[in-house]
Each structure stands twice: as C-alpha cells, then as structure tokens.
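> Structural data only, the sequence is not supplied:
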C-alpha cells in the first residue's frame with residue numbers, strides 16, 4: 001500500500017504515508033530503500049514504468065523516477081522525525 005501511495009503522491013495521502021512509514025519501520029530508510037520498495041511492489045515486467053507513466057519502459061528513466069520518489073519519502077520521513085523530536 002505504501003508503494004501505491006508513493007507512486008500517486010497525493011497531498012491527501014500524506015497522513016496515510018506517515019502511518020505506513022511508521023508501521024513498516026521505514027522512518028530511517030534511505031532513498032534507495034524506498035526505490036527498492038517500489039521496484040519490489042511493482043516487480044512485473046514494465047509494471048513500475050507503467051505506474052510511473054514512463055514511456056517505452058525505459059529502465060534508466062524508471063530507476064531515476066523511483067529514486068526521486070525515494071528521496072521525497074526519505075525527506076518526508078526525516079521531517080516527521082524532526083517534528084517529533
């Protein structure tokens with residue numbers, strides 16, 4: 001579910017993303033860890049590229065986008081840690 005919420009990245013999903021990050025014990029996960037989560041959740045041939053709207057199932061573009069989402073998730077988790085002190 002976290003992977004689907006991260007792919008969608010809707011503002012209204014942020015409370016759910018926070019809870020899922022905490023539930024999955026990913027508060028200290030790296031951007032690469034989040035990218036790996038996406039790659040695992042969308043492991044079928046071209047599934048992640050399709051979910052991310054990457055034309056032509058380009059593996060490099062897919063990985064780049066997964067890492068960008070991973071960086072966002074990592075930064076989001078860090079902001080939650082900072083806020084909770």
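Thanks, I have it. For clarity, every value in this text was computed on a predicted model and none was experimentally measured. Numbers count the residues shown, from 1 in each chain.
> Without its sequence neighbours, what residue ends up closest to the most centrally placed residue in the chain?
Computing the C-alpha centroid of the chain and ranking residues by CA atoms, centre = their mean puts residue 6 first, at 4.3 Å. Nearest residue to residue 6 in three dimensions, chain neighbours excluded: residue 69, at 5.3 Å (CB to CB, 6 or more residues apart in numbering). The C-beta positions use only the backbone N, C-alpha and C, and glycine is treated the same way.
> Give me the neighbour count for the one you found.
20 (other CB atoms under 10 Å).
> next one: residue 40
Residue 40 has 10 neighbouring residues, counting by other CB under 10 Å.
> The helix or strand containing the residue nearest to the centre of the chain packs against which elements?
Residue 6 belongs to helix 2-8 when elements are defined using DSSP states H and E. Applying 3 or more CB pairs under 8 Å, 6 or more residues apart in numbering; DSSP states H and E, one finds that helix 2-8 contacts helix 14-23, helix 31-41, helix 59-84.
> what about 6 Å?
In terms of contact count using 3 or more CB pairs under 6 Å, 6 or more residues apart in numbering; DSSP states H and E, helix 2-8 is assigned the packing partners helix 14-23, helix 31-41.
> quick one: contacts of the shortest one?
What it means is helix 14-23. 2, 5, 27, 77, 80 (CB atoms under 6 Å, 6 or more residues apart in numbering).
> again, only this time at 10 Å
1-6, 8-10, 13, 26-29, 34, 72-74, 76-77, 79-81, 84 (CB atoms under 10 Å, 6 or more residues apart in numbering).
> give me the low-pLDDT residue ranges for this protein?
Under the criterion of pLDDT under 70, the regions of the chain flagged as low confidence span 85.
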